[in-house]
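Undergrad: The following comprises the amino acid sequence and a computationally predicted model.
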Amino acid sequence: MRRLALLLAVLAALVVLPASPASAHTVGGVGATNFHTTLSALSPAAPGVRLAVIENGSRLELRNTSSSEVTVRGYADEPYLRVGPDGVYENRQSPAAYLNQSRYAQVSVPVGVSPKNPPDWKKVSDEPVYRWHDHRIHWMLTTMPPAVADAPTREHRVTAWSITLVQDGRPLTATGTLDWRPGPQPWAWFAVIGLAVLAVGALGLLRRPYPALTAATVVMIVADVVHAAGIALVTPGSTLERIGAFIGGDLLQITCWFVLVLALLALRKGYVVGAWLAAGGAAMIALTSGMSDAPVFWRSSAPFAWSAALNRGTLAVTIALGFGLLLALPFVVHRQKRTSTGTGDAADDAGNVPGAAPVSPDSPADPVPGHADVSDSPATPAGSASLGADADPASGAVEPGAGSPAEESPGVGGADAPPTPGHPVPRRRFVEYAGAAGLGGVAGAALGYASAPEAPAEKAAPAPRTGEEKVAFHGPHQAGILSPARRQAQGWIGAFDLVDGAGKPAAQQLLRRWTDAARALTAGRRAAVDNLIGAGLGPAALTVTVGFGPTFFDKLGLPRPEALAPLPAFPGERLDPARGDGDLGVVIAAEDPLVVQEAVRALTRLAAGLATTRWGMSGFGAARGSGADDGATQRNMMGFLDGTGNPVPAEQVFVTDGPAWLNGGSYLVFRRIRMLLDAWDATPVDRQSQVIGRRKDSGAPATGGTERTPADFGAQEPGGGLVIRPDAHVRLATPAFNNGAAMVRRGFNYADAPDDSGLLFLAWQADPRRGFVPVQRRLADSDALNAFIRHETSAVFAMPAGVDATGYLGQGLLDA
Amino acid sequence: MRKLLGLLLVLPLLGGCAVWGPEGGPNGAGIPRPSAAATTATATDTILGADGVQRVTITVTDRLRFEPSEVRARVGVIEFTIRNTGGSPHTFGVGADKLDNVNGGETRTLRVTVDRPGSYPYPCAYHGSVGMRGTLDVH
């Protein structure tokens, strides 16, 4: 009897002290949930690199058994993790190193940590595997998305996500989705549990209840061990770590199992204390894991190693037997008392005491009521302690291995999570891709420019003739990058090389001459050298844009901007060096081909003795007025709309953190891309649409809608597989999967010979290292379009800021 | 006993949300509906100071919202004061000008110069993908 009292006191203390084990069965802070994180693809596939969503969407796991290290990019595109043969290194200068420790990012990032700082690598594991809470993949709030709150019984696509890994300089993009999938109706389970509780309770009415109670207790133990093991098994890590999580996370439960085993021993000997222990231990389990795990009945996923039916079944058995054994107890005790003392009234009282009020402690030592008094305690305090812990996690001590309170609380009650019912929740569901940047795309830029204060006089009166249109040459940015809003119909791009021995004075003279000529021609005046090519024609929205190649700086001994490196070699390209690169790059465009050539010839003539033409190419777009809507996205020679995904605002292509002469300028990457049109035209349109990832007729993403509808990169086909294929051009090129790499593409078509047509690809960006280079790496690697195109020339230029009415282009660089 | 059972039955009805977390009980019972104020974005104008700087204060919370989520300004210098009243760190930036990190409880300011009208998004780098973003409209 003393031992029993001691045991129960210990049990009560265990229950009261570490209140937190009563929390729901969570793995990585996530219990049963209707949120589903799906990893759709890691493309291109890399042998030995395995990325997985684990813990029901709470964390990502990266395992890299290849011989080459994989870098994971953080929230600002900075290197965050290195996972490879040497183990795992974490960049202590990446905010992700701190944020990703906690499911809800309830952390502080230390002062001085910045993704812009050089990485500070710290080894965090010897194994080539790492797991982290990546906040891009799961719902971060403790309130629901508004669409879900509005209609929780319907399915919702909450977001689509992407994460970039880099291996050997090659980007690997993981893309996936976060969905809300409503769970099943739980009422049938509840009905079964209710009936089962009554049925088990009725066991207490049997003449010889002990064998039945023994059987019920055995089933209870088995069901709960299976239930707990199913949860422990999805805990990531080695077997040892799993066993650790099992024991550490279920201390209370294991104690209860111990009590139940004692109950079995007592029941076998026919002691009534066995019924007490069975009822106490079982009810305790039913209350703690049963109540907090109950959502598995009505949520669509739960951390469990086996089927959801087994999860629900074992839990139902646990709850039914737990409360059933409790219900049976009074009857058993009653019968026991009747057989031992022959008086029923006192036994009734004692039997009804559990769960009601504290029993007066002064009862004399009749053996059976003595049982009742003491063993009363496991049921009552146990019950109330566990309920208290459920409702108020903040009051509980932290249980080692069970996660921090901050992580757990949203799963059980959210008492220390700020949002509470009634608080507003964030804006409506959205899909965040820069594919969506296409929304408004060119038209948006057009609106912005129409209202720009730069050229009010020239914009005031609409020009009656195309030829009379002028594009302001002066301003903070050079014309021809974003202005005019509608790219002109005719264009020329070329490069010049400084003559041998030319120094800074020659360069100054050249830029001064070119600037003056451009100033005159774009305003409709004649240039200093008048070739009469455009005589009788207006400026026709002429723009002249000038910049410097890497060799310009090397030849003149000027400091080269860091971002202006020669482009790296890309797989599959067949570059003709004679028609690429160059010291100076010039882009000339107008609505009229003769106006373009007038400027080309004028600049060429003015360069005499200072620079010679290295190469030059002409291109074209749709003529103004040909289409119903001049602002519509134009088609390229493949027949597809080209330029839908240009970024908004387009201003992000201007340099803001470069040298003074370059701030307000931009980097131009040029590629002459030959299209293998015979092969293309022989390809069925359906296949063409797969290659691009958009419909050919409307330009809408393969996932539907219109041209401006954001693509749904996570959408799956009914038979599996992605609707927008892993190697589709739009998937690989979209800024959303290139860390927001934003480029404004304003290219021209060319058709130089029957088998030589294609695209003069011009892309403007603030930094090629964050723009063209990573995107092209990805494209060159796996773009389905590669079978139909060939990159034949390449150049990169830093195009300086704009010029005022007196200065010359590049003055800040050359006069310095 | 009866009281305990009664409590067990009543408890889920009383607070599905408190017991089972933000996803609530069966069929979403207990999920708070978003209030109208929360879903209607209200644009806020900056206040022009005597020094010609336009100022606005944006509050960020663990609700992962910028409040306001839409700011209207004119071309020129705009000073943002970012008050993080929640527990999670956030970032704030317009174009290339960024506050790399604003921890919970911190208040920091950022000056940006916008010389072109347009719509400039200000996403939180950490939580942009779950909707934490706002827009600066410059006209």
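TA: Received it, and whenever you're ready, just let me know what you need.

Undergrad: Tell me, how many residues neighbour B:Ile47?
TA: 12 (other Cβ atoms under 10 Å in any protein chain shown). Where you see a C-beta, it was placed from the backbone N, CA and C, and this is true even at glycine.

Undergrad: how much space between the closest residue to A:Leu641 other than its chain neighbours and chain B?
TA: Spatial nearest neighbour of A:Leu641, excluding adjacent residues (Cβ to Cβ, 6 or more residues apart in numbering or on different chains): A:Gly699 at 3.6 Å. Applying Cβ to the nearest Cβ, to the nearest Å, the value for A:Gly699 to chain B is 23 Å.

Undergrad: list the contacts for A:Gly699?
TA: By Cβ atoms under 8 Å, 6 or more residues apart in numbering or on different chains, the residues touching A:Gly699 are A:Thr633, A:Phe640, A:Leu641, A:Thr644, A:Thr706, A:Glu707.

Undergrad: Let's see that with 10 Å instead.
TA: A:Gly699 is in contact with A:438, A:632-633, A:635, A:640-644, A:692, A:706-709, counting by Cβ atoms under 10 Å, 6 or more residues apart in numbering or on different chains.

Undergrad: Could you tell me the end-to-end distance of stretch B:57-68?
TA: Taking Cα to Cα, to the nearest Å, stretch B:57-68 runs 8 Å from one end to the other.

Undergrad: any weak-confidence spans in the chain?
TA: Answering for chain A, as no chain was given. A:1-29, A:245, A:248-250, A:339-464, A:648, A:736-740 (pLDDT under 70).

Undergrad: looking at chain B here, not the other one
TA: B:1-19, B:33-41.

Undergrad: As a check, name the ranges of all strands in it.
TA: B:43-45, B:47-48, B:54-60, B:66-67, B:70-73, B:76-84, B:90-94, B:97-102, B:107-114, B:118-123, B:133-138 (DSSP state E).

Undergrad: Go ahead and list the helix or strand containing A:Val544.
TA: strand A:543-548 (DSSP states H and E).

Undergrad: Remind me what that strand packs against, helices and strands.
TA: If you count contacts as 3 or more Cβ pairs under 10 Å, 6 or more residues apart in numbering or on different chains; DSSP states H and E, strand A:543-548 packs onto strand A:490-498, helix A:504-522, strand A:584-590, helix A:593-606, strand A:666-675, strand A:789-799.

Undergrad: Which positions in the stretch 551-700 of chain A make contact with chain B?
TA: A:Val648, A:Pro649, A:Ala650, A:Glu651, A:Gln652, A:Phe654, A:Val655, A:Thr656, A:Asp657, A:Asn663, A:Gly664 (Cβ under 10 Å from any Cβ of the partner chain).

Undergrad: Which residue ranges of the stretch 251-400 of chain A form helices?
TA: Using DSSP state H, counting those that start in this stretch, the helices of the stretch 251-400 of chain A run over A:251-268, A:272-285, A:291-293, A:308-340, A:344-352, A:367-391.

Undergrad: roughly how far is the longest one from the heart of the chain?
TA: Taking the mean of its C-alpha atoms, helix A:308-340 sits 47 Å from the chain's own mean (Cα atoms, centre = their mean, to the nearest Å).

Undergrad: is any part of it close to chain B?
TA: Yes. Helix A:308-340 lies within reach of chain B by Cβ under 10 Å from any Cβ, at A:Phe323, A:Leu326, A:Leu327, A:Leu329, A:Pro330.

Undergrad: from those, which is closest to A:Ala520?
TA: A:Phe323 (92.8 Å; Cβ to Cβ).

Undergrad: contacting residues for the closest one?
TA: Going by Cβ under 10 Å, 6+ apart, A:Phe323 touches A:193-194, A:196-198, A:200-201, A:279, A:282-283, A:286-287, A:290, B:4-5, B:8.

Undergrad: Just among those residues, which is most surrounded?
TA: Result: A:Ala282 is most packed of the contacts of A:Phe323 (other Cβ under 10 Å), 33 neighbours.

Undergrad: Contacts for stretch A:620-627 next, please.
TA: Stretch A:620-627 has contacts (Cβ under 10 Å, 6+ apart) with A:466, A:469, A:486-491, A:540-541, A:589, A:591-593, A:596, A:630, A:632, A:634-636, A:642-643, A:746-751, A:760.

Undergrad: Any idea how far it is from the middle of the chain?
TA: That offset, for stretch A:620-627, works out to 39 Å (Cα atoms, centre = their mean).

Undergrad: again with stretch A:83-101
TA: Here the centre of stretch A:83-101 is set off from its chain's centre by 17 Å, with Cα atoms, centre = their mean.

Undergrad: For that stretch, buried residues please.
TA: A:83-84, A:88-91, A:93-100 (16 or more other Cβ atoms under 10 Å in any protein chain shown).

Undergrad: returning to what we had before: can you lay out the residues of helix A:308-340 next to chain B as TSV showing distance to A:Phe258?
TA: Below are the residues of helix A:308-340 next to chain B laid out as TSV (distance: Cβ to Cβ, whole Å):
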residue	distance to A:Phe258
A:Phe323	20
A:Leu326	18
A:Leu327	23
A:Leu329	19
A:Pro330	24
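
Undergrad: nearest to A:Pro145, of those?
TA: The closest of the residues of helix A:308-340 next to chain B, once distances to A:Pro145 are taken by Cβ to Cβ, is A:Phe323, at 35.6 Å.

Undergrad: my guess is A:Ser58 meets A:Thr37, correct?
TA: Yes. Counting by Cβ atoms under 10 Å, a contact exists between A:Ser58 and A:Thr37, whose distance comes to 8.5 Å.

Undergrad: Who is A:Met617 paired with across the strands?
TA: Counting by DSSP bridges, A:Met617 forms beta bridges with A:Ile493.

Undergrad: Compute the number of surrounding residues for it.
TA: Neighbour count of A:Met617, defined by other Cβ under 10 Å: 17.

Undergrad: now it: how far from chain B?
TA: A:Met617 is 31 Å from chain B, by Cβ to the nearest Cβ.

Undergrad: Against B:Gly49, how distant is that residue?
TA: A:Met617 is 51 Å from B:Gly49, where distance means Cβ to Cβ, to the nearest Å.

Undergrad: same check, this time on A:Ser43
TA: For A:Ser43, the distance to B:Gly49 - Cβ to Cβ - is 50 Å.

Undergrad: and if you look at A:Leu785?
TA: For A:Leu785, the distance to B:Gly49 - Cβ to Cβ - is 52 Å.

Undergrad: Look at the two and report which has more neighbours.
TA: Between A:Leu785 and B:Gly49, counted using other Cβ under 10 Å, A:Leu785 has the larger neighbour count: 22 against 11.

Undergrad: Much appreciated, bye for now.
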